[in-house]
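In: Return atomic coordinates for the entry below.
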Amino acid sequence: MRILATLSLIALTLVAAGAATAADSDLRQLATGDDVRAFRAVGRLEIAGQGFCTATLIDTRLVLTAAHCVTDEAGGAVASDVLVFRAGLRDGRADAERGARRVVISRAYRPGALGTEALAADIALIELDRPIDPHIVAPIPAGAMSGVRIGVVSYAHDRAERPSLQQECRLLAREAGALVMTCDVDFGSSGAPVLRFDGAVPQVVSVVSAKAEADGRKVSVGADIAHVLPALRAELTSSNGVFWRSADSGARPETGAKFVRP
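Out: Coordinates of the predicted model:
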């Protein structure tokens with residue numbers, strides 16, 4: 001996960017001024033089979049056995065995560081054969097485990113670039129080497145952001161063996177496709193699904209990209225997937241390679257924010 005040292009909300013369009021005073025729910029570990037049943041599609045994405053992010057099965061063979069999880073420090077895409085997705089991982093056991101066949105990264109993504117516009121493109125789609133039986137792990141479908149009430153399921157460095165659910169957090173603002181939220185995230189939560197719960201089944205509406213501080217409060221920043229995911233699906237359908245867009249060689253926009261990776 002990357003950290004924005006500071007993030008000014010002044011330039012953002014606030015979504016709900018009255019929502020700032022509402023209470024968020026606490027993180028709750030999904031420790032049992034019953035706890036995790038609706039969220040087995042959320043898993044740990046392991047990268048070359050050296051680190052991990054959070055990722056979500058959105059179709060029987062497609063996994064959604066953050067682009068910076070699958071790019072190296074030089075800005076290139078990691079090889080698909082170093083990725084392992086472990087769906088519903090709890091205490092060393094996963095409901096399903098698959099390798100990756102192909103990776104597609106948003107063409108607008110700029111590794112290392114700063115600002116909300118860059119975070120809005122921090123999305124990657126992974127095609128697994130084999131599909132996962134939906135009777136074993138039901139995918140969580142992608143949807144569009146609606147309202148300000150959301151939740152998140154994630155792993156993190158201090159809760160790497162079990163996912164945790166925050167049933168309720170809030171959308172504070174949006175800018176250029178990036179969402180500023182109150183959701184509780186930490187290192188390892190990159191790529192975690194931001195969910196809406198107002199329908200018959202949960203839907204993924206965003207993936208976590210960074211955490212920040214804004215006006216003295218901790219916030220998280222995610223990419224709104226609604227406008228990016230269709231293009232990623234189309235890239236995957238029409239091609240057989242790995243795609244990403246490298247950072248521009250020119251100067252980066254000055255934002256006053258600092259990014260680090262775990």
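In: Is there a neighbour count for residue 46? I'd like the number.
Out: Applying other C-beta atoms under 10 Å, we find 18 residues neighbouring residue 46. C-beta here means a position set from N, CA and C on the backbone, and glycine is covered the same way.
In: wait, it sits on residue 55?
Out: No: with contact defined as C-beta atoms under 8 Å, residue 46 does not reach residue 55; the gap is 9.7 Å.
In: And for the residue nearest to residue 83 when sequence neighbours are not counted, the neighbour number?
Out: Distances taken as C-beta to C-beta, 6 or more residues apart in numbering place residue 100 nearest to residue 83, at 3.9 Å, with adjacent residues excluded. Neighbour count for residue 100, taken as other C-beta under 10 Å: 21.
In: which strands and helices sit next to the helix or strand encompassing residue 100?
Out: Assigned by DSSP states H and E, residue 100 belongs to strand 96-105. On a contact count with 3 or more C-beta pairs under 8 Å, 6 or more residues apart in numbering; DSSP states H and E, strand 96-105 meets strand 83-87, strand 124-128, helix 229-238.
In: which residues in the stretch 1-150 of the chain form strands?
Out: For the stretch 1-150 of the chain, the strands defined by DSSP state E, counting those that start in this stretch occupy 2-4, 13-14, 27-29, 42-47, 51-59, 62-65, 83-87, 96-105, 124-128, 149-156.
In: who's in contact with the strand holding residue 100?
Out: 63, 67, 70-71, 77-78, 80-81, 83-88, 123-130, 132-133, 136-137, 232, 235-236, 239-245 (C-beta atoms under 8 Å, 6 or more residues apart in numbering).
In: swap the cut-off to 6 Å and go again
Out: With contacts defined as C-beta atoms under 6 Å, 6 or more residues apart in numbering, strand 96-105 is touched by 67, 70, 77, 80, 83-87, 124-130, 132, 136-137, 232, 235-236, 242-244.
In: so who does residue 108 touch?
Out: So residue 108 contacts residue 121 (C-beta under 6 Å, 6+ apart).
In: The closest residue to residue 90 other than its chain neighbours in helix, strand or coil?
Out: The spatial neighbour of residue 90 that comes closest, neighbours along the chain excluded (C-beta to C-beta, 6+ apart), is residue 162 at 5.2 Å. Recorded secondary structure, residue 162: strand (DSSP: H, G, I helix; E, B strand; the rest coil).
In: before we move on, the earlier item: show me which of the contacts of strand 96-105 are buried.
Out: Neighbour counting with 16 or more other C-beta atoms under 10 Å marks 67, 70, 77, 80, 83-87, 124-129, 132, 137, 232, 235-236, 242-244 as buried within the contacts of strand 96-105.
In: What's the end-to-end length of stretch 186-202?
Out: Stretch 186-202 has an end-to-end distance of 22 Å (C-alpha to C-alpha, to the nearest Å).
In: worst-scoring helix or strand of this protein, pLDDT-wise?
Out: Lowest mean confidence among the helices and strands of the chain (mean pLDDT, DSSP states H and E): strand 13-14, at a mean of 37.
In: Perfect, that will be all.
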